[in-house]
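Quick one: sequence plus predicted model below, questions after.
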Amino acid sequence: MTQTNEPVDFIREIVKQDLAANKWGGSPITRFPPEPNGFLHIGHATSICLNFGIAEETGGQCHLRFDDTNPTKEDQRYVDSIMRDIEWLGWSWNEHLYYASDYFDQLYEFAVRLIRDGKAYVDDQNAETIRIDRGTLTQGGSDSPYRDRSPDENLELFEKMKNGEFQEGEKVLRARIDMSSGNLNFRDPVLYRILKSDHQRTLGKWCIYPMYDFAHGQSDSIENITHSICTLEFEDHRPLYDWFIKELNIHHPQQIEFARLNLTYTVLSKRKLSQLVDEKFVEGWDDPRMPTLSGLRKRGFTAESIKEFCRLIGVSKRPKTIELSLLEHSLRKGLNLTAPRVMGVLRPLKLVIDNYPTDTTEYLEATNNPEDESMGTRLVPFERELYIERDDFSEDPPAKFNRLAPGREVRLRYGYFVTCTSFVTNPESGEIIEVHCTYDPTTKGGYAPDGRKVRGTIHWVSANNCVDAEVRLYDTLFTVEKPDESDDFREVINPNSLEVVRNAKVETIVLDPNGGNTYQFERLGYFTKDTENESEEVPLFHRSVTLRDTWAR
RNA sequence: UGCCCCGUGGUGCAGCGGUAGCACAGCGGACUUUGAAUCCGCUGACCUAGGUUCGAGUCCUAGCGGGGCAGCCA
């Protein structure tokens, strides 16, 4: 058990007290119960880190259980991606991999017990009628005319449901509780519906499937879960969760709810996320603009940064919207310490050093990571013709512009001081196509022996000794902080969320297969090589996150 | 005109009856061969009203505000 001075959230507090009181007679058992109908996103990560984290901290166990009770929406593809993402985050369910569908026989038996006890009945009404009879938020519902069927009749009908003797929608099994309850979940909730579609795991064995409310708690119970942690929208379901377990007289886990995550400038509902994919607003579930774990991974987020983020936001019951900057901070914090530095020019502008020899290449020593001396140094080729960032030259510099401009002297990082002497424009477009300068040979490495200062330091690459790269620059997927509050979230999609830069110039060292995938391009940000793109002749980089920039570019 | 939950700086989190702290963001400064990082500083909050108490952000009540719930989704 790790001891820290970190404040303990209310759920860990409960677990701690239960442990002290030996409430469960053993270690805590939690579970992460995704439905395999989509990819995991950053919001799921908070739940994963909570459940697996608590288990790890207390010597308990966290189960992975797929809540696969609706074969019409679920798919093995999602099961695979979910397992990959959890493992990528660094958690392990060990041998505790389960599926709600593993319990279909037991769940059926539970239903039979409720029927025998007069606590459940088969209803012949259609969905529409049931909905109307359920009443409204402010008015109680009315009893179904089939509510008082005898247990024997119900047993027989339920078995026929199971045997496929009825059509979809023709009958459902309902709990017999209280149609006038203020809690809508108590108004005779549906327990089983007929679904004549094959299940990805049980195949054609069943044509009736349990609803969430009937499957979830009992599955928790079967697995001896101690703390069943879920999100706030299930708060109203807890009395029902407790009701089933009490009626069935089985192991009673404690359901605890916490607030789900919202992030500014993004959406985190599976429905909207899959809409973005289906309607081609993004390239797929793992598009680097997506808040999915696979998207974030492709973007260059590390598992550690995601965990750090989850730690920073804490756990509570208040609906929360976290600022995207906190997620970015979590990434930069880690990458600052680990990512090798490299120079890369996104929008190349040729810089010619007129007084530098034409046939010379010097190799200048550059620090790989100023935060970590053990990462050493590298040699960067320096020649007469270089590329600098187009933004780093200004014909008519604004106030406080610290970069290159006519007559100004700047330092080329790890190189020399250079002074701009002239520039060439395209007579047609007026675009600046080349900048000329002279260098001071005594400033090699970037130090002036006379101690004179220079206003700025800019990055560069050797024009004839660099690699071309495609770089994808990402901005938020939405133009407003809370796209969920728009009438149609598709109308606030950011048309400029992706910018493809095709002729970036980067130090050749990024080609080194042993160099890792994420680099800091100095002064620009962190960029991650796309490893699925290895076959292309030009490397592809995703901008993971920019550097913090107090200068309004 | 039902039931449930939640109200602490801009955003989050802590404070467990003894007079508010942390992170991110913002602003300013130091340092700087990344306008980064690092360091220092500043701005800025207990929803309201009663009550209990020597003492309330913390306990009670009411009000106000916010959120969730009317799938044969989870």
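Right, received. Where do you want to start? Numbering: from 1, shown residues only, chains lettered A, B, ... in the order given.

The residue of the stretch 351-500 of chain A found nearest RNA strand B - how many residues pack around it?
Closest residue of the stretch 351-500 of chain A to RNA strand B, Cβ to the nearest atom of the strand: residue A:446 (2.2 Å). Placement of C-beta: from N, CA and C, glycine included. Neighbour count for residue A:446, taken as other Cβ atoms under 10 Å: 16.

what pLDDT does it get?
Residue A:446 is assigned a predicted lDDT (pLDDT) of 96.

What sits closest to it if chain neighbours are left out?
Among residues not flanking residue A:446 along the chain, residue A:411 sits closest, at 5.0 Å (Cβ to Cβ, 6 or more residues apart in numbering).

Would you verify that that neighbour is located in a strand?
Yes. The assignment for residue A:411 (DSSP: H, G, I helix; E, B strand; the rest coil) places it in a strand.

Quick one: residues contacting it.
A:417, A:418, A:443, A:446, A:454, A:456, A:457, A:458 (Cβ atoms under 8 Å, 6 or more residues apart in numbering).

Among those residues, which one has the most neighbours?
residue A:418 (28 neighbours).

In strands, which of the contacts of residue A:411 appear?
The members of the contacts of residue A:411 that map onto strands under DSSP state E are A:417, A:418, A:457, A:458.

so the third one touches residue A:415, yeah?
No. At 9.5 Å, residue A:457 and residue A:415 do not qualify as touching, with contact defined as Cβ atoms under 8 Å.

Could you tell me the per-residue confidence at residue A:533?
On pLDDT, residue A:533 comes in at 80.

Around it, how many other residues sit close by?
Using other Cβ under 10 Å, residue A:533 has 13 neighbouring residues.

Hmm, it is touching residue A:541, no?
No. If you go by Cβ under 8 Å, residue A:533 and residue A:541 don't touch, sitting 9.3 Å apart.

Residue A:39 and residue A:88, how far apart?
Residue A:39 is 12 Å from residue A:88, where distance means Cβ to Cβ, to the nearest Å.

Within range of RNA strand B, give me the residues from the stretch 101-250 of chain A.
A:125-127, A:130-131, A:134-138, A:168-169, A:171-172, A:182-185, A:189-190, A:193-195, A:209, A:211-213, A:215-216, A:232-237 (Cβ under 7 Å from any atom of the strand).

Among those residues, which lie within helices?
Within these, residues falling in helices by DSSP state H are A:127, A:130, A:131, A:212, A:213, A:215, A:216.

Now do the contacts for the first one.
Okay, so that is residue A:127. Contacts of residue A:127 (Cβ under 8 Å, 6+ apart): residue A:169.

mind redoing it with 10 Å?
By Cβ atoms under 10 Å, 6 or more residues apart in numbering, the residues touching residue A:127 are A:169, A:172, A:190, A:193.

likewise residue A:474?
By Cβ under 10 Å, 6+ apart, the neighbours of residue A:474 are A:287-289, A:299, A:494, A:496-499, A:542-546.

For the residues you listed, I'd like a selection string for PyMOL - just the buried members, please.
Buried subset of the contacts of residue A:474, written as a PyMOL selection, criterion 16 or more other Cβ atoms under 10 Å:
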select buried, chain A and resi 287+288+289+299+494+497+498+542+543+544+545+546
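
The contacts of residue A:474 into a markdown table, with extra columns for pLDDT and distance to RNA strand B?
Converted to a markdown table, the contacts of residue A:474 look like this (pLDDT from 0 to 100; distance: Cβ to the nearest atom of the strand, whole Å):
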| residue | pLDDT | distance to RNA strand B |
| --- | --- | --- |
| A:287 | 98 | 23 |
| A:288 | 98 | 21 |
| A:289 | 98 | 20 |
| A:299 | 98 | 18 |
| A:494 | 98 | 19 |
| A:496 | 97 | 20 |
| A:497 | 98 | 20 |
| A:498 | 98 | 23 |
| A:499 | 98 | 20 |
| A:542 | 98 | 18 |
| A:543 | 98 | 14 |
| A:544 | 98 | 13 |
| A:545 | 98 | 10 |
| A:546 | 98 | 9 |
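
Residue A:234 - nearest residue in space that isn't next to it in sequence?
Ranked by Cβ to Cβ, 6+ apart and with sequence neighbours excluded, the top spatial neighbour of residue A:234 is residue A:257, at 5.9 Å.

what do you get for residue A:270?
Spatially, and ignoring its direct neighbours in sequence, residue A:270 is nearest to residue A:38 (4.1 Å; Cβ to Cβ, 6+ apart).

doesn't residue A:75 make contact with the one you found?
Yes. Taking Cβ atoms under 10 Å as the definition, residue A:38 is a contact partner of residue A:75 at 9.3 Å.

shared neighbours of the two, which are they?
Counting by Cβ under 10 Å, 6+ apart, the common neighbours of residue A:38 and residue A:75 are residue A:81.

Which one's more surrounded, the two?
residue A:38 (22 against 14).

before we move on, the earlier item: report the beta-bridge partner residues of the residue nearest to residue A:446.
Listed beta-bridge partners, residue A:411: residue A:417, residue A:457 (assigned using DSSP bridges).

Tell me, what's the model's pLDDT at it?
Per-residue pLDDT puts residue A:411 at 98.

can you check the one 10 residues further on too?
pLDDT recorded at residue A:421 is 98.

ok, back up a step: just checking, which of the contacts of residue A:474 belong to helices?
residue A:299.

Let's have the contacts of residue A:474 in a markdown table, adding distance to residue A:271.
Output for those, formatted as a markdown table (distance: Cβ to Cβ, whole Å):
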| residue | distance to residue A:271 |
| --- | --- |
| A:287 | 17 |
| A:288 | 21 |
| A:289 | 18 |
| A:299 | 22 |
| A:494 | 20 |
| A:496 | 25 |
| A:497 | 20 |
| A:498 | 23 |
| A:499 | 28 |
| A:542 | 26 |
| A:543 | 28 |
| A:544 | 27 |
| A:545 | 27 |
| A:546 | 30 |
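
Just want the phi and psi numbers for the residue nearest to residue A:94 when sequence neighbours are not counted.
Residue nearest to residue A:94 in three dimensions, not counting chain neighbours: residue A:61, with 7.0 Å by Cβ to Cβ, 6+ apart. Here is the backbone geometry of residue A:61 (degrees, to the nearest 10): phi -140, psi 140.

How about the contacts made by residue A:61?
Residue A:61 makes contact with A:26-31, A:52, A:55, A:92-96, A:223-226, according to Cβ under 10 Å, 6+ apart.
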